[in-house]
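In: turn this into a structure:
(chains A, B, C and D)
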2 protein chains.
Amino acid sequence: MSEIDEDRADAWFHALADRTRRDILRRVLAGEHSVSSLAQSYDMSFAAVQKHVAVLERAGLLTKRRQGREALASGDVEAVRSVGAMLTELEALWRGRISRMDELFATEPTRHTDPTHETD
Amino acid sequence: MSEIDEDRADAWFHALADRTRRDILRRVLAGEHSVSSLAQSYDMSFAAVQKHVAVLERAGLLTKRRQGREALASGDVEAVRSVGAMLTELEALWRGRISRMDELFATEPTRHTDPTHETD
DNA sequence: ATAACGTACAACCAAATGGTTGTACGTTGT
DNA sequence: ACAACGTACAACCATTTGGTTGTACGTTAT
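Out: You can find the predicted model right below:
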């Protein structure tokens, strides 16, 4: 895992580790929203919401396009899939553990016929 | 999404938002490790690693069992899958956006034969 | 018995986080 | 022209975070 990948993963998971940001991401994945229309949904200042959007943008989880005075935010489903792929890699490590246990079961049984424990 | 679910998601993503913790999780998903053996892998104090393990444990991403004086940590693949499932739900919102766009394409074409733009 | 080991946790510290208000600046509507 | 709107960002503040050292306590080995 390269240093740059770890940086991206840090940004992804940090961005997702806040419920307001997860909620914003849900909305912008479902459709484009201006920053101010998003801000109206939450009981906090416009600036706070704008910062949350900026965190999601820096993490690459959403993109903004300018239309007149509005900034329209849109979720990037490919980035979400990349995060999912990281978790799948973690699962693969776990599957590796299991197959190593299988190996163990495949080699261990010879012990059962260990001549030093011969009984007949 | 219930309040308790959001709390769990906060804990999951926060736990994953640190590269040392992700690395620890990789190791304990691949196989059981004592806290001190984990600590030897990192250039920080035992206490720091012990706290990282505690964060992962509180998030439910790993479990510990006591064996003598050692605490053996093991990754919980089901929890990892639950995090993945959250992301899949996010993707579903995006697919919803697409199908709403399909609806739009399905109704819009009548405009093309709008009598006010009749040319012949 | 006692030294060494493995763990847990408290107290502390610098840096980052999530919020606030205020300011500046381009865009839109009257 | 000018007021209102939408955005961005700086400065500030309380809390949390990720690290440290030190202490305490049960377990293992000599």
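In: ok, for the residue nearest in space to the middle of chain A, nearest residue in space, not its chain neighbours?
Out: The centre of chain A sits closest to residue A:83, judged by CA atoms, centre = their mean, with a distance of 3.3 Å. Nearest residue to residue A:83 in three dimensions, chain neighbours excluded: residue A:12, at 5.0 Å (CB to CB, 6 or more residues apart in numbering or on different chains). Heads up, the C-betas are built off the backbone N, CA and C, glycines and all.
In: wait, isn't the one you found in contact with residue A:61?
Out: Yes. Counting by CB atoms under 8 Å, residue A:12 touches residue A:61, with 7.0 Å between them.
In: any residues in contact with both of these two?
Out: Taking CB atoms under 8 Å, 6 or more residues apart in numbering or on different chains as the criterion, residue A:12 and residue A:61 both touch residue A:79.
In: more crowded one of those two?
Out: Counted by other CB atoms under 10 Å in any protein chain shown, residue A:12 and residue A:61 do not tie: residue A:61 has more neighbours, with 27 against 22.
In: tell me the buried residues in whatever helix or strand residue A:95 lives in?
Out: Assigned by DSSP states H and E, residue A:95 belongs to helix A:77-107. Within helix A:77-107, the residues scored as buried using 16 or more other CB atoms under 10 Å in any protein chain shown are A:77, A:79, A:80, A:82, A:83, A:84, A:86, A:87, A:90, A:93, A:94, A:97.
In: how about the contacts made by the fifth one?
Out: Meaning residue A:83. Contacts of residue A:83 by CB under 8 Å, 6+ apart are A:12, A:13, A:16, B:87.
In: likewise for residue A:9?
Out: A:86, B:16, B:19, B:22.
In: which element is it on?
Out: Here residue A:9, judged by DSSP H and E, is contained in helix A:3-16.
In: report whether that helix contacts DNA strand D.
Out: No. Helix A:3-16 is not in contact with DNA strand D by CB under 7 Å from any atom of the strand; minimum separation 8.3 Å.
In: run the chain-centre distance for that helix.
Out: Centre-to-centre, helix A:3-16 and its host chain are 9 Å apart (CA atoms, centre = their mean, to the nearest Å).
In: can I get it in CSV, CA atoms only?
Out: Taking Å, rounded to 0.1, in the frame of the first residue of the first chain, the C-alpha atoms of helix A:3-16 are listed here in CSV:
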residue,chain,number,x,y,z
GLU,A,3,2.0,6.4,0.9
ILE,A,4,-0.3,8.3,-1.4
ASP,A,5,-3.0,5.6,-1.2
GLU,A,6,-2.8,5.8,2.6
ASP,A,7,-3.3,9.6,2.4
ARG,A,8,-6.3,9.1,0.2
ALA,A,9,-7.7,6.5,2.5
ASP,A,10,-7.2,8.8,5.5
ALA,A,11,-9.1,11.5,3.6
TRP,A,12,-11.9,9.1,2.6
PHE,A,13,-12.6,7.6,6.0
HIS,A,14,-12.2,10.9,7.8
ALA,A,15,-14.7,12.5,5.5
LEU,A,16,-17.1,9.7,6.1
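In: which bits of chain A sit near chain B?
Out: Residues of chain A found near chain B (CB under 8 Å from any CB of the partner chain) are A:6, A:9-10, A:13-14, A:16-19, A:22, A:25-26, A:29-31, A:75, A:77, A:80-81, A:83-84, A:87-88, A:90-91, A:93-94, A:96-97, A:100.
In: swap the cut-off to 6 Å and go again
Out: A:6, A:13-14, A:16-17, A:19, A:26, A:29-31, A:77, A:80, A:83-84, A:87, A:90-91, A:93-94, A:96-97 (CB under 6 Å from any CB of the partner chain).
In: all set, thanks.
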